[in-house]
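Chemist: 3D model of this:
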Amino acid sequence: MDTPRPHPLTDAEINRLLDGQVQGVERDALLHRLQGDPHGRERLSHWQAQRDAIRQLHAGLLQAPVPPGMLEAVNRASDAQARVSSWWRWGGMAAGIVLAFGVGRLSNHEWPNEGATASAPSAPLTAFARDASVAHAVYSPEKRHPVEVGAGDQEHLVQWLSRRTGKALKVPRLDAQGYELVGGRLLPGDQGARAQFMFQNAQGVRVTLYLGALFPTTEPTEAGGETAFRFAQEGPVPGFYWVDQGFGYALSGPLSRDALMALAEAVYRQL
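Modeler: Numbers count the residues shown, from 1 in each chain. Next up, the predicted model:
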């Protein structure tokens, strides 16, 4: 009797391998299946090359020591994360929205500690990406009111959100990728205001860029900090997120990993 061939790896399983999220027997089992999955090996190699290329953009800052203010935020994170878990037990979108925009946002002190690696994002960092995903899920389906300020008033939109977030913002141009600005809105965050810019392509597919400070505004001299691009799929839609000089960015949308990566790269190079 012929030995049955292992099932091809899913994108989620390849992503877990790439990010080092599986160990021991589970990892050995995935690697065994990968041996008989040439398409899976090709995807894994392609994604690894993408991540390595993006990581080079951050090579200098990745070697910098973690500022004391961020280490203090990490020490507060475990308490906040326990609170997050209890909120999620409520279940349903209503609880998700409360988590994203209510008390659960205290978990967003998103900094890896000194022992953290690129393959093991902290729970608060993951929460930031999930908040971005939830915000996308809440507003992107809207037909009449997807944004507070439309693209026709872009200058006012940028000035308003820059003033509220405390950072001079820029709206990236995604025309070359087939996306046009719909507009934007103001959202709450535990370290001040957060902003969301929405883009749409000719087929009506929408992606959102969610951004905001991830450190106390009273500690601007200790607000350095940066992470490489990470892929997140814990929320309603997947996305890529990163941190640059203490400011968090997350691009979310109902797209494949490769399509989101291309858009995230385009955004990063313009900000």
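Chemist: Just the buried residues of the helix or strand containing Ala262, please?
Modeler: According to DSSP states H and E, Ala262 maps onto helix 257-270. Taking 16 or more other Cβ atoms under 10 Å as the basis for neighbour counts, the residues of helix 257-270 that come out buried are 257, 260-261, 263-268. No exception for glycine: its C-beta is placed from N, CA and C like everyone else's.
Chemist: Now render these as TSV, adding distance to Gly40 and pLDDT.
Modeler: Formatted as TSV, the buried residues of helix 257-270 follow (distance: Cβ to Cβ, whole Å; pLDDT from 0 to 100):
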residue	distance to Gly40	pLDDT
Arg257	13	92
Leu260	19	94
Met261	18	93
Leu263	24	95
Ala264	23	93
Glu265	23	92
Ala266	27	94
Val267	28	95
Tyr268	27	91
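Chemist: what's the distance between His156 and Gln270?
Modeler: 20 Å (Cβ to Cβ, to the nearest Å).
Chemist: Adding distance to Phe247, write the buried residues of helix 257-270 out as JSON lines.
Modeler: Written out in JSON lines, the entries for those read as follows (distance: Cβ to Cβ, whole Å):
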{"residue": "Arg257", "distance to Phe247": "24"}
{"residue": "Leu260", "distance to Phe247": "20"}
{"residue": "Met261", "distance to Phe247": "20"}
{"residue": "Leu263", "distance to Phe247": "18"}
{"residue": "Ala264", "distance to Phe247": "15"}
{"residue": "Glu265", "distance to Phe247": "18"}
{"residue": "Ala266", "distance to Phe247": "18"}
{"residue": "Val267", "distance to Phe247": "13"}
{"residue": "Tyr268", "distance to Phe247": "12"}
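Chemist: tell me what the helix holding Ala262 is packed against?
Modeler: For helix 257-270, the packing partners by 3 or more Cβ pairs under 8 Å, 6 or more residues apart in numbering; DSSP states H and E come out as helix 38-57, strand 206-213, strand 226-232, strand 239-244, strand 247-252.
Chemist: Which among those is found nearest to Trp160?
Modeler: Closest to Trp160 of those is strand 206-213 (Cβ to Cβ; 14.0 Å).
Chemist: Residues contacting that closest one, please?
Modeler: 131-132, 135-136, 139-140, 146, 165-167, 169, 172, 179, 182, 187, 189, 191-200, 223, 246-253, 255, 260, 263, 267 (Cβ atoms under 8 Å, 6 or more residues apart in numbering).
Chemist: Can you select the buried ones among the residues you listed for me in PyMOL?
Modeler: This is the PyMOL syntax for the buried subset of the contacts of strand 206-213, where burial follows 16+ other Cβ under 10 Å:
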select buried, resi 131+132+135+136+139+140+146+165+167+169+172+179+182+187+189+191+193+194+195+196+197+198+199+200+223+246+247+248+249+250+251+252+253+255+260+263+267
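Chemist: The contacts of strand 206-213 in strands, which ones?
Modeler: When DSSP state E is applied, the contacts of strand 206-213 are split such that 179, 182, 187, 194-200, 247-252 fall in strands.
Chemist: where does this structure dip in pLDDT?
Modeler: Confidence mapping of the chain against pLDDT under 70 gives the ranges 1-5, 51-124, 190-191, 215-227.
Chemist: how does it divide into domains?
Modeler: Recorded structural domains for the chain (assignment: automatic domain parsing) are 11-57, 59-270.
Chemist: and the residue nearest to Val149 when sequence neighbours are not counted, what is it in contact with?
Modeler: The shortest distance from Val149 to any residue that is not its chain neighbour, by Cβ to Cβ, 6 or more residues apart in numbering, is 4.2 Å, and that residue is Leu157. Listed by Cβ under 8 Å, 6+ apart, the contact set of Leu157 reads 149-151, 171, 183-184.
Chemist: This completes my enquiry, with thanks.
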